[in-house]
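Trainee: need the 3D shape of this:
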Amino acid sequence: MPIKPSTAGPLFEDDGPRGARIIRRVRGISLEILAFVLATVLLPVVLLVAAIVDLYLWLRRRKPWVGIRLAAFFWWFLFGEIRALAGMLAVWIATGGPFGKGSLRRRRLLYALRLHWAGSHMGGIKTLFGLRFEVEDINQAAPGPILMMMRHASIIDNVLPDYTVTAAHGIGMRFVLKRELQIIPTIDIGGRWVPTVFVRRASKDPDSEIAAVASLAEDLGTGEGILVYPEGTRATAKKIARAQAVIAERQPEISPLANRLHNLLPPRLGGPLALLDSARGVDVVFCGHVGFDGFQYISDIWTGGLVGRTIRVRFWRCAADSIPEGDDARTTWLYERWQDVDDWVGEHRRRDASERRALS
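Mentor: Purely as a prediction, here's the structure:
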């Protein structure tokens, strides 16, 4: 699907010292290049060792062959990052270098490159781990503009918005991302070429962070959307219980709503409510997915549970005129919609667990 035309939404400069930014990017790019060279040279040896370990674990306890999959994906990931960096350099040159800063052509080309980047990474995982995707109601994510709220369950689902919505409808997404992701050069640099807010999760100035998130709705055209993860971090049972306890102490009026959630973290209200206010007239799309749960770290993937998984994704669209006015009413509305996603996730998690038990 061709990328739709972009509009002149805001760009956000890195607010840190210029020297620190240069050092971070040079270091990040250098490390990726060095790692790719080493991974390429050592790949035959690494694959052989991984195969031996996998064979031993399979013979001993029938553990799926994960080592060889992880080794291959590590190389594929680095290859995709190097290829994306080269693509960004080509885009930068083709759009006038330093004189093309902020150009809509550069944004559109970056969205297209990001679509290829996400497809490469997810495609590698899908092929190597034998994943199957079932996507329901993808038509609900179009037309734009949209404000999309997606659950966050693992280190893998960050590429789902581009892999699903952008691939199907050509909608370029404006992201709200945690600042830690700046460690990846493609995200660090590319995120400055299109509207992207890198938020500090424990900011000393939350009002400024929320104002920046709200400004993503400026000049939001039909070819773009805004993506936010309302949970703010990956959900686990422990994190859910902790968040519910904090809400009971600090916001008792919404505690009954938060306590009904069993699979998703209660939504952090600052950014989502600000976006609902600044993106008036824009439909809201919720996205739930099941299958990536529990894979927060590489060590979780090592257990073998990801192999052969079915990844289910579903979208719900809420018309702009169905969103009530006022923060209190919108908070209740948001929790009710989030509960719909929670119920769907819970239903499919139970079904998938039952199927895995039947096969074991």
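
Trainee: before we move on, which element is the closest residue to Leu264 other than its chain neighbours in?
Mentor: Of all residues beyond its chain neighbours, the one nearest Leu264 is Asp342 (4.6 Å), with distances taken as Cβ to Cβ, 6 or more residues apart in numbering. No exception for glycine: its C-beta is placed from N, CA and C like everyone else's. For Asp342, the host element (DSSP states H and E) is helix 327-359.

Trainee: which other helices and strands does that helix contact?
Mentor: Judged by 3 or more Cβ pairs under 8 Å, 6 or more residues apart in numbering; DSSP states H and E, the packing partners of helix 327-359 are helix 255-258, helix 270-278, strand 283-290, strand 310-318.

Trainee: what about the shortest one, average pLDDT?
Mentor: Predicted confidence along helix 255-258 averages 97 (mean pLDDT).

Trainee: now do the buried residues in that helix.
Mentor: Ser255, Leu257, Ala258 (16 or more other Cβ atoms under 10 Å).

Trainee: does the last one really touch Ala245, like I thought?
Mentor: No - at 9.6 Å, Ala258 and Ala245 do not qualify as touching, with contact defined as Cβ atoms under 8 Å.

Trainee: circling back: which of the buried residues of helix 255-258 sits closest to Val53?
Mentor: Closest to Val53 out of the buried residues of helix 255-258 is Ala258 (43.4 Å), distances taken as Cβ to Cβ.

Trainee: skip the chain neighbours and tell me the closest residue to the closest one.
Mentor: Pro266 (4.1 Å).

Trainee: the one you found belongs to a helix, doesn't it?
Mentor: No - secondary structure assignment (DSSP: H, G, I helix; E, B strand; the rest coil) places Pro266 in coil, not in a helix.

Trainee: give me the phi and psi for it.
Mentor: phi -60, psi 140 (degrees, to the nearest 10).

Trainee: residue contacts, it?
Mentor: Contact analysis of Pro266 by Cβ atoms under 8 Å, 6 or more residues apart in numbering lists Glu231, Ile240, Ala243, Gln244, Ile247, Ile254, Leu257, Ala258, Tyr335, Trp338.

Trainee: rewinding a little: of the buried residues of helix 255-258, which is the nearest to Leu34?
Mentor: Checking these against Leu34 by Cβ to Cβ gives Ala258 as the nearest, at 45.5 Å.

Trainee: look up how far Pro324 lies from the closest one.
Mentor: Ala258 sits at a distance of 19 Å from Pro324 (criterion: Cβ to Cβ, to the nearest Å).

Trainee: just Trp333 next, same as before
Mentor: Relative to Pro324, and taking Cβ to Cβ, Trp333 is found at 6 Å.

Trainee: ok, the residue nearest to Gln339 when sequence neighbours are not counted to Ala39 distance?
Mentor: Leaving aside its sequence neighbours, Gln339 sits nearest to Arg260 (Cβ to Cβ, 6+ apart; 5.9 Å). Distance of Arg260 to Ala39, given as Cβ to Cβ: 46 Å.

Trainee: before we move on, what about Arg107?
Mentor: Arg107 sits 32 Å away from Ala39, going by Cβ to Cβ.

Trainee: which of those two has more neighbours?
Mentor: Taking neighbours as other Cβ atoms under 10 Å, Arg107 and Ala39 compare with Arg107 leading, 26 against 17.

Trainee: what does the pLDDT read for that one?
Mentor: At Arg107, pLDDT is 95.

Trainee: for the stretch 1-150 of the chain, what spans make up the helices?
Mentor: Here the stretch 1-150 of the chain has its helices, by DSSP state H, counting those that start in this stretch, at 18-61, 67-94, 104-129.

Trainee: mean confidence score for the helix holding Asp342?
Mentor: Here the average pLDDT along helix 327-359 is 90.
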